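Colleague: prediction below, plus the sequence it came from.
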Amino acid sequence: MKTSCFRLAALWAAFLWATALFSVALWPGLSGGFLFDDYVNLSALGAFGPLDHANALLLYLTSGQADPLGRPLAMASFLVDARTWPADAAPFLRSNLLLHAANALLVGLLSLALLRANDPAVVGQRAVIVALVAASLWALHPMHGTTALYIIQRHALLSTFFCLAGLLAFSALWHAPPKRRVMWAAAFLLCGLAAIGSKANGLLLPVLAATLLPLLNRGLAPAQRTDRRPWALFLALLPAGMVVALLLTQIPRAIAGAQQLRDFSIAERVMAQPGIVWGYLGDLFSVARSSGDLMFNQPPLPSGLADPAFWLPFAALCIVSLLAVWQWRCAPLLATAWGFYLAGHLIESGPVNLELAFAHRNYLPAALMFLPVVAAGAQLRVRFALKVVAALAATAAFAAVLHLEARLWGQPRLLAEVWAARSPASERAQVNAATWDVWEGDIARGLARLAPWRDRAAESTQLALTLLDLECASGRVSPTLSHDVLVAMATDKRGLNLSTSILSVHVMRYAACADTVPSEDDMLRAMASNPAWTTPGARLDLAFAKAGLRARQNDLAGAREALFDPRLPPFSCPSVWHGAALLAEHGGKADALALIKHLAPDCEHAPVPLGMPRVHRWIRNGLGVDAKERAALEKALRE
């Protein structure tokens, strides 16, 4: 009786210890704010007016463009925090931390299920404590804890939640009586749909389930395995094969996207991934140098298949994977965690048009990596007190590092400085910190920070325009920098949105250096000459940039010519209304009406990509949104 009470007390003490560490470690991060992609993705909260009726809600939920599926469930989750934009960041951060805590609980439950599948004799408080420690290490790791502090990573948090819930349902199905298997299979499928609705990574759920099959089958009699074979085939193996096939079909699209937006090819990206995956793993077990930074020194690209930067880490992955298969019976938990880790990176470390590396991509793949380590430690023949001390020390160390990181994330200005110091070879980190220097008026510091990067201004629109802000604030822009700004606008693949936004505020932004800064017309000509900006969307953006510039110059004929250009691709209806409003704002009401008459009849049928964008257009047409907006706009223009 006393032993039982002691074990129960120890279990509760471990749970309270983990909860306290989690709360103390992450609490400072709640004072943080929005960063980078937050602004682009969350602005949809204010794009359709008050979200207080069904029509606006439908338009908002189908407006996601982060991937072809639109992530509607993740979009819906933001409505818990705000229903307009701009908004306060604190509610978003609180929801993220709660979701991260829920994911930690699911990691613990899944770890417990796998421990019992590995050894049915492992029951009771011992298995629970092992699972609790493993889940705590995962949740308190800075790479994962800071994922919750980057608001737009709600997509990853929510997709992970449903993937883990689906894997728990899959595990429950494996040990459920026949009458309940349909229920668990339905739960698995629903979780899969919800995971996909949160982020395209949810497609990996059947692949992840397939990696658990050998462990779930461990200890089952041959007849029991045969009985469960159809469930394995139709819920895990066949869907996993379909996911791999789907990923391969996306290669041509990824190649085209990389050619338009990236400084590397898809082949170069794929060759770099083995080294990057090993880097993620190194950060996972070297917590002192792992922080979940959004800024980092990009790894060097392998020059080809014969480059050791590719084949050494790739060969290491293959060797470790073969060893995991060969020695599976000796270390089933370790082999399962390794397979789960590789499967979790299959999409974002595969042939897709994304940045080379991003620490938060490790969030789901690493969910089981601490389980075999903690389980092995629990089996060591040492005194129980030493095991307790080791668990407390490890979790406390993780929590201490995470607490320091969360304090930084709660102070965006200091965070920018630390990122710049940690990643001296990252242009993005230095430009981000220099942007803060501009906002705070510390021009000398910003110029000194970017001085080592000055020779690369012609290669990066972001770098060139940040230097332009700094030199303009100092009173004069050098002719060399003016030239570099135009060269960057004419050659940089990634600078279209930034260039067009700068053009729209040129007069106000550069009033202090108007005589030395490149003119608006020079900038426009440079942008129009960029060979990378020939896609339909880019051509429309350039046409609107030109029309806006001509309208601000009181050249309505030029603005009209830019928008009536017959060489332009078809306009979407919102683009038509935007163009009409631009002309009307500068006195061209008749031109605005002519633009509507010319373009509106076909705008409902303008090409849109497959997936959620097409669903969004279908809903707009069904609700008559564009017909109502056209009628209201034409009425206002005729008054």
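Modeller: Done, it's in.
Colleague: make it CA atoms for all contacts and neighbour counts henceforth
Modeller: Fine.
Colleague: which residues sit against whichever helix or strand Leu216 is part of?
Modeller: If you go by DSSP states H and E, Leu216 is part of helix 205-217. Residues from elsewhere that reach helix 205-217 (CA atoms under 8 Å, 6 or more residues apart in numbering): 114, 117-118, 163, 166-167, 170-171, 174, 192, 225, 232, 235-237, 239-241, 243, 332-333, 336, 339-340, 343-344.
Colleague: walk me through the domains of this structure.
Modeller: What the record gives for the chain is the domain set 2-409, 426-533, 547-639, from automatic domain parsing.
Colleague: JSON lines for those, including mean pLDDT, distance to Leu540 and mean neighbour count?
Modeller: What follows is these, written out as JSON lines (pLDDT from 0 to 100; distance: least, CA to CA, whole Å; neighbours: other CA atoms under 10 Å):
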{"stretch": "domain 2-409", "mean pLDDT": "84", "distance to Leu540": "16", "mean neighbour count": "19"}
{"stretch": "domain 426-533", "mean pLDDT": "87", "distance to Leu540": "10", "mean neighbour count": "19"}
{"stretch": "domain 547-639", "mean pLDDT": "86", "distance to Leu540": "7", "mean neighbour count": "17"}
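Colleague: so which of the ones you listed comes closest to Glu417?
Modeller: Minimum separation from Glu417 across the domains of the chain (CA to CA) falls at domain 426-533, 5.8 Å.
Colleague: just how off-centre is that closest one within its chain?
Modeller: On the basis of CA atoms, centre = their mean, to the nearest Å, domain 426-533 is displaced by 27 Å from the centre of the chain it belongs to.
Colleague: do stretch 28-46 as well
Modeller: 13 Å.
Colleague: coming back round to it: so which of the contacts of helix 205-217 belong to helices?
Modeller: 114, 117-118, 163, 166-167, 170-171, 174, 192, 225, 232, 239-241, 243, 332-333, 336, 339-340, 343-344 (DSSP state H).
Colleague: could you check the angle the helix holding Leu216 makes with helix 332-344?
Modeller: Counting by axes from the mean of the first three to the mean of the last three CA atoms, to 10 degrees, helix 205-217 lies at 170 degrees to helix 332-344.
Colleague: can you classify the spatially closest residue to Ser136 that is not a sequence neighbour as helix, strand or coil?
Modeller: Excluding the flanking residues, the one nearest Ser136 by CA to CA, 6 or more residues apart in numbering is Ala18, at 6.2 Å. Using DSSP: H, G, I helix; E, B strand; the rest coil, the three-state assignment for Ala18 comes out as helix.
Colleague: Phe398 versus Ala18, what's the distance?
Modeller: Look at Ala18 and Phe398: by CA to CA, to the nearest Å, they are 11 Å apart.
Colleague: Thr534 too?
Modeller: Distance from Thr534 to Phe398, by CA to CA: 48 Å.
Colleague: and what of Ala416?
Modeller: Taking CA to CA, one finds Ala416 at 22 Å from Phe398.
Colleague: Gly304 and Phe310 touch, don't they?
Modeller: Yes. In this structure Gly304 lies within contact range of Phe310 using CA atoms under 8 Å: 7.4 Å.
Colleague: any residues in contact with both of these two?
Modeller: Joint contacts of Gly304 and Phe310 (CA under 8 Å, 6+ apart) are Met271.
Colleague: could you export the strand or helix carrying Met527 as CSV, CA atoms only?
Modeller: Element membership for Met527, per DSSP H and E: helix 520-528. Taking Å, rounded to 0.1, in the frame of the first residue of the first chain, the C-alpha atoms of helix 520-528 are listed here in CSV:
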residue,chain,number,x,y,z
GLU,A,520,10.1,56.5,-59.6
ASP,A,521,10.3,56.2,-63.4
ASP,A,522,13.8,54.7,-63.2
MET,A,523,12.6,52.2,-60.6
LEU,A,524,9.6,51.2,-62.7
ARG,A,525,11.8,50.7,-65.8
ALA,A,526,14.2,48.6,-63.8
MET,A,527,11.3,46.4,-62.5
ALA,A,528,9.8,46.0,-65.9
